[in-house]
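K.L.:
Here is my input, please return the structure:
(one chain, ligands or ions: 2)
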Amino acid sequence: MLTMNAEFMLGAADKSQFPHHKYPEIAFTGRSNVGKSSLLNSIVLRKNLAHISSTPGKTQQINFFNVEEKWVFADMPGFGYASTGKENREKWRKLNFEYFESSENLRLIIALIDSRHDPMSTDLALIEWYEDHKKDFLIVLTKCDKLKPTAIASRQKQLEHLVHKCSFCREVLPYSSMSGLGRNQLIGILKKISL
Ligand SMILES: Nc1nc2c(ncn2[C@@H]2O[C@H](COP(=O)(O)OP(=O)(O)OP(=O)(O)O)[C@@H](O)[C@H]2O)c(=O)[nH]1
Ligand SMILES: [Mg+2]
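P.N.:
Ligands and ions are numbered 1, 2, ... in the order given. Sure thing, here's the model as predicted:
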């Protein structure tokens, strides 16, 4: 498998820092520790492009990466980390929604959900928001290497049922950054995206 060219562009802690460029943007969202940075690294097949952390909730900015001069990936700050205070939650909300609302190049939001757990209320609220605001999104079930095939299938069914009335959900994709499960399908989806 070929690695992809990928370059860190910048980290944005507020709206004034969002980058301007000519590529379609893909945003990676989900709770802290769900595996956003690992997913990003697994797509480009580089271990350390996006910083992987065992301490959740560290990244409080949106990190932008130019990939293959084809896409810009936005690694969003994670949510739901228990020790994050009210002030941080408010900052997180503002940064995320300002980005979703103002990015003209945003073409797909990848909503990551840990395949081992039920989705959190924040996951569901975000999905509802994407649907209401007509934002194309894709649900990626992470860390599937930790589950048996039957458990993966039932988690996939659960999520498919949750979104069965959504017009903007592309699909629910089982994924593992470790085994590569789902990578080819995901790249297939990315390749069809244009501005
Ligand atoms: N087994 C397994 N572990 C994974 C997988 N993806 C991520 N992890 C582990 O989950 C932990 C968190 O991964 P990250 O990629 O840093 O998660 P994140 O969503 O970027 O976290 P924040 O940036 O803190 O929001 C790390 O210890 C990873 O090694 C996967 O597909 N399989
Ligand atoms: Mg991360």
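K.L.:
does the longest strand seen in the chain come close to ligand 2?
P.N.:
The single longest strand within the chain, with elements called by DSSP state E, is strand 106-114. No - among the residues of strand 106-114, none lie within reach of ligand 2 under CB under 5 Å from the ion; the closest is 10.1 Å away. Every residue, glycine included, has its C-beta placed from N, CA and C.
K.L.:
Can you identify the element that follows that strand toward the C-terminus?
P.N.:
helix 121-132 (DSSP states H and E).
K.L.:
Report the buried residues of that next one.
P.N.:
Across helix 121-132, burial judged by 16 or more other CB atoms under 10 Å covers 123, 126-127, 130-131.
K.L.:
likewise stretch 62-75?
P.N.:
Within stretch 62-75, judged by 16+ other CB under 10 Å, the buried ones are 62-67, 71-75.
K.L.:
Where does the prediction get shaky in this protein?
P.N.:
Residue ranges of the chain with pLDDT under 70: 1, 52-59, 81-84.
K.L.:
could you pull out the helices for it?
P.N.:
36-44, 86-102, 121-132, 149-162, 183-191 (DSSP state H).
K.L.:
Let me know whether the second one sits next to ligand 1.
P.N.:
No - contact of helix 86-102 with ligand 1 (CB under 6 Å from any ligand atom) is absent, the minimum separation being 10.5 Å.
K.L.:
helices and strands around that helix, which ones?
P.N.:
Helix 86-102 sits against strand 25-29, strand 106-114, with contacts defined as 3 or more CB pairs under 8 Å, 6 or more residues apart in numbering; DSSP states H and E.
K.L.:
swap the cut-off to 7 Å and go again
P.N.:
Judged by 3 or more CB pairs under 7 Å, 6 or more residues apart in numbering; DSSP states H and E, helix 86-102 is in contact with no other helix or strand.
K.L.:
angle of it against strand 106-114?
P.N.:
140 degrees (axes from the mean of the first three to the mean of the last three CA atoms, to 10 degrees).
K.L.:
Same question for the third one.
P.N.:
What separates the directions of helix 121-132 and strand 106-114 is an angle of 150 degrees, with the same axes, to 10 degrees.
K.L.:
Other residues contacting helix 121-132?
P.N.:
The contact list for helix 121-132, computed with CB atoms under 7 Å, 6 or more residues apart in numbering, reads 29, 31, 79-80, 109, 111, 113, 137, 163, 166, 168.
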